[in-house]
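[1] need coordinates for the following:
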Amino acid sequence: MLDIRKNNIIFKNSKHILILVSCVLCLFTSCKIHYSFTGGSVPPEAKTVSVQYFQNNASLAPPTLSQTFTETLKDKLSSQTRLSMINKGGDLSFEGSVSNYTTGPIAIQSTDQAALNRLTITVNVKYTCMFDEKKNFEQSFSRYADYTSDQNLASIEEQLTREINEQLVQDIFNRALNNW
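    Reported below is the predicted structural model:
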């Protein structure tokens, strides 16, 4: 008789545990969390993206800066989203200009020489999402890179602008598609 009671208690406890586990599993399967390892949360109805040429309005910028920035943004959107790139009128649209390109000293070494210089690039961006007006924005993005004063800017300018462009594009991508 004792064995039957013992088995009954174990069976009842197992039944309660099974019900509890089932409830927990139902809760977890009904909640969906979307992770994106590519970075962006693109509206599901969006199929296309357009990036207009970013005009160079900065007086000291190299002539190729606008082209390289525009292409870097296009490459990021092509590689990190499922959207098709079109010339104009995309479901998501980026346009703007390079508004500032400056270099100047930031750390003085002695009375007449800088130890470090800083190259700063600023772009103005207008982002339009055809499906959610609240996500639209117009904003300036600015990034910089430092270099030592013994380096000639002309010899490292291409590398620095490439690094800054990558940072700017990541900031724009995060703001537009990750809502940061």
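[2] for this protein, which segments count as strands?
    Taking DSSP state E, the strands of the chain run over residues 48-51, 55-56, 84-86, 92-110, 113-129, 137-148.
[3] deepest of the ones you listed, which one?
    Across the strands of the chain, averaging neighbours per residue (mean count of other CB atoms under 10 Å) puts strand 48-51 on top, at a mean of 20. C-beta here means a position set from N, CA and C on the backbone, and glycine is covered the same way.
[4] what packs against that strand?
    helix 65-80, strand 84-86, strand 92-110 (3 or more CB pairs under 8 Å, 6 or more residues apart in numbering; DSSP states H and E).
[5] format those as a markdown table; extra columns: distance to Gln159 and mean pLDDT.
    Listed next are the helices and strands packed on strand 48-51 as a markdown table, based on distance: least, CB to CB, whole Å; pLDDT from 0 to 100:
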| stretch | distance to Gln159 | mean pLDDT |
| --- | --- | --- |
| helix 65-80 | 12 | 97 |
| strand 84-86 | 27 | 96 |
| strand 92-110 | 14 | 91 |
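[6] and of these, who's closest to Cys129?
    Closest to Cys129 of the helices and strands packed on strand 48-51, according to CB to CB: strand 92-110, at 5.6 Å.
[7] could you list every helix and strand in contact with that closest one?
    The elements that strand 92-110 packs onto, with contact taken as 3+ CB pairs under 8 Å, 6+ apart, are strand 48-51, strand 55-56, helix 65-80, strand 113-129, strand 137-148, helix 153-177.
[8] rank those by pLDDT, which is bottom?
    Mean pLDDT is lowest for strand 113-129 among the helices and strands packed on strand 92-110, at a mean of 93.
[9] distance from the chain centre to that strand, please.
    16 Å (CA atoms, centre = their mean, to the nearest Å).
[10] and that strand with helix 153-177, angle?
    Here strand 113-129 runs at 30 degrees with respect to helix 153-177, directions being taken by axes from the mean of the first three to the mean of the last three CA atoms, to 10 degrees.
[11] quick one: strands adjacent to strand 113-129?
    Strands that pair with strand 113-129, judged by DSSP bridges, come out as strand 92-110 (antiparallel), strand 137-148 (antiparallel).
[12] using CSV, list the CA coordinates for the shortest one.
    Okay, so that is strand 137-148. These are the backbone C-alpha positions of strand 137-148, laid out as CSV (Å, rounded to 0.1, in the frame of the first residue of the first chain):
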residue,chain,number,x,y,z
PHE,A,137,14.8,62.6,-40.5
GLU,A,138,17.1,65.3,-41.6
GLN,A,139,20.3,65.3,-39.6
SER,A,140,24.0,66.2,-39.7
PHE,A,141,26.5,63.4,-39.0
SER,A,142,30.1,64.2,-38.1
ARG,A,143,33.2,62.0,-37.6
TYR,A,144,36.9,62.6,-37.4
ALA,A,145,40.3,60.9,-37.4
ASP,A,146,43.5,62.1,-35.7
TYR,A,147,46.9,62.0,-37.2
THR,A,148,50.3,63.0,-35.9
